[in-house]
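Q: got a sequence here, can you build the structure:
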Amino acid sequence: MKHIYIVNESSIASSYGIGTYINHVVASLRDTDFQITVIDLYGSQKEFTVVWKDGVKHLQIPSVHILSHSLSSSAYQERVAENIALILYPHVSQSEQNIFHLNFTKDYYIAKALKKYYKCKIVLTVHCSEWSFQLLGNKQKLLKRLSAKNKRASKIIQTMELERKLMLDVVDNIIAIASHSYNDLLDIYQIPANKITIIRNAVGDKFRLMSESRVKQTRKRFFFYGKESYRFCRPFKLCQRY
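A: Sure, this is the predicted structure:
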C-alpha cells in the first residue's frame, strides 16, 4: 500500500496559504489508492496525540524543548528532528510504500532524520523560500548578496545553502507551484531540472457572493482604500508574477 504522510507545521503560513494547499492535496487524494496521514508539528498541545479530522488521521506533535545550553543551533535542530522521527516510529509501517510530503524548505534536519529511520521517498513542495521572506522577494538584493566576497557571513546565504542541501542531497522530488519558482530552483539553487515538477497552485471552485457590508468590512480590515492600498501592498509586488 502507498502511504503519504503530509507534514504541516503550526505557523502563519499553515493557517493560510500552505494550510489551504494541504487541504486541497488531502481532498485530491481521497479517491485514490493512497493512504493519507497528516503530521502536524509544533502544536500547542502538551503531548503527542492522534486525532481524526474528516476521516483523515492526524498525528499531532507538540513543540519540543530540549534543556541543553551546550548544543549549537544546528545540533539542537538535529536533536529535535531525531525526536520527531522516533515519535512517529510506531505509526509508520515499514512494509508500506511510504512518502513524506514536506512543505517547508527549512526542514533539512527533519528530512534527514526521516531518511535515517524509514525506507521512504521524500517530496518537497516549494511554496516560498526563506530569502524571499527576508528580502520581500527582491531578487536584485539577493543577487547582490550572492556576488559579495563575504557572502558566507550572511545568514540569508547560510539558510539558502541549507535549503539547497535539502533539495540536492535528501529530497527525491521537488514540486514547484509556479513558473518563477521553477526558474529560481534552476537558476539560483541550481537544482537539476529532472528533479523538479511544476504543479501550479489551484483553488477550489466554490464561490460565495459577499454582501456589500462584508465587502466594506474586508476593505477596512486589509486597508484597501484606493491609492493608500498601493502603499500597503507595494513591497510584496516585488515578488515575480506567476
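Q: you'd agree Q35 is up against Q97?
A: No. Using Cβ atoms under 8 Å, Q35 is not in contact with Q97, being 9.7 Å away. Just so you know, the C-beta spots here come from the backbone N, C-alpha and C atoms, and that holds for glycine as well.
Q: quick check: longest helix in this protein by residues?
A: Using DSSP state H, we find that the single longest helix of the chain is helix 73-88.
Q: each with direction, which strands does the helix or strand that comes right after it pair with?
A: Per DSSP states H and E, the first helix or strand lying C-terminal to helix 73-88 is strand 97-102. According to DSSP bridges, strand 97-102 forms sheet pairs with strand 2-9 (parallel), strand 120-126 (parallel).
Q: save those strands as a markdown table, and put in mean pLDDT and distance to K165 too.
A: Putting those into a markdown table (pLDDT from 0 to 100; distance: least, Cβ to Cβ, whole Å) gives the following:
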| stretch | mean pLDDT | distance to K165 |
| --- | --- | --- |
| strand 2-9 | 96 | 18 |
| strand 120-126 | 97 | 12 |
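Q: could you dump these to JSON lines with mean neighbour count and distance to F104?
A: Converted to JSON lines, the strands paired with strand 97-102 look like this (neighbours: other Cβ atoms under 10 Å; distance: least, Cβ to Cβ, whole Å):
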{"stretch": "strand 2-9", "mean neighbour count": "21", "distance to F104": "6"}
{"stretch": "strand 120-126", "mean neighbour count": "21", "distance to F104": "8"}
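Q: export these as TSV, with columns for distance to S211.
A: Shown next, in TSV, are these (distance: least, Cβ to Cβ, whole Å):
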stretch	distance to S211
strand 2-9	32
strand 120-126	35
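Q: sorry, back to before: and for Q35 and Q97, which residues touch both?
A: Common contact partners of Q35 and Q97 (Cβ atoms under 8 Å, 6 or more residues apart in numbering): 1-3.
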